[in-house]
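In: next one to model:
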Amino acid sequence: MPDQVPTGGSLLRTKIRIPRLRPQLVVRQRLLDRLQSGIWCRLTLVCAQAGFGKTTLLVEWARQSGRPVAWITLDEGDNAPERFLRYLHAAIQAALPGVGAAATAMLQISQPLQPVAFVSSLINDLDEQGTPAILVLDDYHTLHNQAIHETVNYLLEHLPENLLLVISGRSDPPLPLSRLRAHGEITELRGSDLCFTAQESAEFLNQVMGLNLTGEAVAMLEARTEGWIAGLQLAALSMRDRADSLQFIKSLTGSSRFILDYLVEEVLRRQPEDIQEFLLKTSILERLRPDLCQAVTGQAGSGAVLERLEQANLFIQALDDEQGWYRYHTLFADLLRYQLKQTWPEQVELLHIQAAAWYETNHLPFEAVSHLLAAGDLPQASILVERTGEDFLNRGQANQFLGWIDTLPAAVYRARPRLPLLYAWGLISTAQFAAVEPHLQAVEQALKTWHPPESETDLRNLPEAIASQLLATRAIVASTQGDLEKTIRLANQALAVMSPDANLYGALQMGLGVAYRLSGNLPLASQSFAAASQTAQKSGEIAVALTALFNVGDIQYECGLLHQAEATFRRGMDLAASYSQGSLPVSSMAFCGLAGLYYEWDNLPDALEYS
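Out: Model (predicted):
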């Protein structure tokens, strides 16, 4: 199974690792010195189009900077705000163990994740620890969610003095760059800075790529490509084993795009047929791993092929020291995908489906769904989101599930009635009660036209099951609106027909407890809260279990059962400690309750301790 980040559910460790450098590369000391001279600035921006060596330069600098480096390689999937924040948290913790404890607690509770509060806790921890560090956001151009840009801007505005933010991408990020320039708080490297000099071009072509070109040939090739590293590399690959290198260079005319297309065709044509097939078929993958490549291509020995490609400098980069994960250069991958559609258009869908199957087997549903959508298989994508969505909710990761759904096409959301129902449950789990009703109406609308596939015989009774779940959901929402009579009526109707293992069963018991308590029926309220706590403990929803249990303690306190209340609060605190090494926010209810009890007993020292 692939390495995953433990706090993120299905986050890939390779996205928060500094990519590995090639054994041979051109040391660009002039650029390394510029990066190092700006280490005391607020922001370093490396901005250029594909093929200028942005990532390679930052990797080399990061490894010799002498500071811990939190690295995130971004992609389109990170446009879900919570997913971005989880990677940010995981990257910082990987570089600076011990930082981010408060943020970890925020990820463990089923409440809306507030980006400002989350980032503020990371900023405070970084400032308190004081270790000079670097945060790199690579491929930032893949982000287009305004909420994420606002979060990064907030981080930049309140950056602790010991942290340098580095952003690398193909276009300027929507951040206050002019103000940073005016205050001398930004270091910038652009495409003109990153182009190879004549000396660097000669070293790259003759030493790294193993050619033996004359000074005239190097100068001519540098002029043709204008120092563009990707163009030089493609040309070098095309010239291997050619006796007429100078004549080949002279034939390169036209725009850089024409040269690029020509060189890619030349490079591919000169590879053995099995390598050509491997390159084209694996181009659909954002990241490469031997067993994943074998699942997609059907070719055995994919690990040896990946190593061979790396040794040949064929636009592939190892992402970890163990050489398990790789990725193609973005520009090269784009052109391979174009060639794939021209060569085997009928296979593209199947390749994505095979990739999705591998990701699903390896418990990476986000990536699996992305490939199913690329294959146009909306029904299967809907089924996978539905099946894994309930797991997200049961693990208390409602925010991550909601963010994931928000990135999906509307057609996927409408395809199955349980998807909007799951979305409504996620909203309830994060206390967004006012937003629930439109999604329940979407459930009812979907049920009118939905027919389960023949293969899904277990869903024949889905309409009846959903009817009870709709009752439960509306009962919970009614409780938040203060309609106690409606809450009690709907909740009891739903509990009478629902299985105790059904999702929302515990939340429904909670809602019924609240309604009974507000209506003055404290015995029934206490029974409902106690039952809700037991249900939530069985499903691992620790925050819900503790909230219900502390409500029981409050009712006992209110009824004058003070010693019982003390025992209940302490039982809840022990339960919280068994689930988390740090303090859970919900435990504050127990502290307040105990402080009140000890004050009632005139035990002022203990009352002060818990207040």
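
In: which parts of the stretch 101-250 of the chain are strands?
Out: Secondary structure of the stretch 101-250 of the chain (DSSP state E, counting those that start in this stretch): strands at 133-138, 163-169, 186-189.

In: thought Pro356 was touching Phe366?
Out: Careful, residue 356 is Ala and not Pro. No - the pair formed by Ala356 and Phe366 falls short of the contact definition of C-beta atoms under 8 Å, at 11.0 Å. Every C-beta, even on glycine, is put in place using the N, C-alpha and C of the backbone.

In: of those two, give the one with the bigger neighbour count.
Out: Taking other C-beta atoms under 10 Å, Ala356 and Phe366 do not tie; Ala356 has more neighbours (27 against 20).

In: excluding covalently adjacent residues, which one is nearest to the more buried one?
Out: His371 (3.9 Å; C-beta to C-beta, 6 or more residues apart in numbering).

In: now render the strands of the stretch 101-250 of the chain as CSV, adding mean pLDDT, mean neighbour count and distance to Gly215.
Out: As requested, the strands of the stretch 101-250 of the chain are exported to CSV (pLDDT from 0 to 100; neighbours: other C-beta atoms under 10 Å; distance: least, C-beta to C-beta, whole Å):
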stretch, mean pLDDT, mean neighbour count, distance to Gly215
strand 133-138, 96, 23, 35
strand 163-169, 95, 22, 33
strand 186-189, 95, 20, 28
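
In: near Ala357, how many other residues are there?
Out: The number of residues packed near Ala357 is 16, by other C-beta under 10 Å.

In: my guess is it is in a helix, correct?
Out: Yes - counting by DSSP: H, G, I helix; E, B strand; the rest coil, Ala357 is part of a helix.

In: tell me which element the residue lying closest to it once chain neighbours are set aside is part of?
Out: For Ala357, ignoring the flanking residues on the chain, the nearest one in space by C-beta to C-beta, 6+ apart is Ala295 at 6.9 Å. Applying DSSP states H and E as the criterion places Ala295 in helix 290-297.

In: what residues does stretch 558-573 touch?
Out: With C-beta atoms under 8 Å, 6 or more residues apart in numbering as the test, stretch 558-573 has contacts from 522, 546, 549-550, 552-554, 556-557, 587, 589-590, 593-594, 597, 600-601.

In: correction: the previous question concerned stretch 350-357.
Out: Contacting residues not belonging to stretch 350-357 are listed as 281, 284-285, 292, 295-296, 367-369, 371-372, 374-375, 377, 380, 384 [C-beta under 8 Å, 6+ apart].

In: what's the offset of it from the middle of its chain?
Out: On the basis of C-alpha atoms, centre = their mean, to the nearest Å, stretch 350-357 sits 21 Å off its chain's mean C-alpha point.

In: before we move on, back to that, can you get me a residue count around the residue nearest to Ala356?
Out: 24.

In: and if you look at the one 3 residues further on?
Out: Counted with other C-beta under 10 Å, the neighbours of Ala374 add up to 17.

In: that one touches Ile284, doesn't it?
Out: Yes - under the criterion of C-beta under 8 Å, Ala374 makes contact with Ile284 at 7.2 Å.

In: if we can go back for a sec, just the closest of the contacts of stretch 350-357 to Leu12, please.
Out: Taking C-beta to C-beta as the measure, Leu12 lies nearest Glu367 of these, at 8.1 Å.

In: could you look up the SS state of the closest one?
Out: helix.

In: gap between the nearest residue to it once chain neighbours are set aside and Asp391?
Out: Distance criterion C-beta to C-beta, 6+ apart; nearest residue to Glu367, sequence neighbours excluded, is Tyr359 at 4.3 Å. Distance of Tyr359 to Asp391, computed by C-beta to C-beta, to the nearest Å: 15 Å.

In: buried ones in stretch 179-194, by neighbour count?
Out: Across stretch 179-194, burial judged by 16 or more other C-beta atoms under 10 Å covers Leu180, Glu185, Ile186, Thr187, Glu188, Leu189, Gly191, Asp193, Leu194.

In: how about the contacts made by the fifth one?
Out: It refers to Glu188. Glu188 makes contacts with Thr44, Leu45, Val46, Cys47, Arg181, as judged by C-beta under 8 Å, 6+ apart.

In: now the residues you listed in CSV, with secondary structure?
Out: As requested, the contacts of Glu188 are exported to CSV (three-state DSSP):
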residue, secondary structure
Thr44, strand
Leu45, strand
Val46, strand
Cys47, strand
Arg181, helix
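
In: if any of the residues you listed are buried, give me the ChimeraX selection for them.
Out: In ChimeraX syntax, the buried subset of the contacts of Glu188 is picked out as below (16+ other C-beta under 10 Å):
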select :44,45,46,47
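
In: how about the contacts of Glu188 in a markdown table, adding pLDDT?
Out: Putting the contacts of Glu188 into a markdown table (pLDDT from 0 to 100) gives the following:
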| residue | pLDDT |
| --- | --- |
| Thr44 | 96 |
| Leu45 | 96 |
| Val46 | 95 |
| Cys47 | 90 |
| Arg181 | 92 |
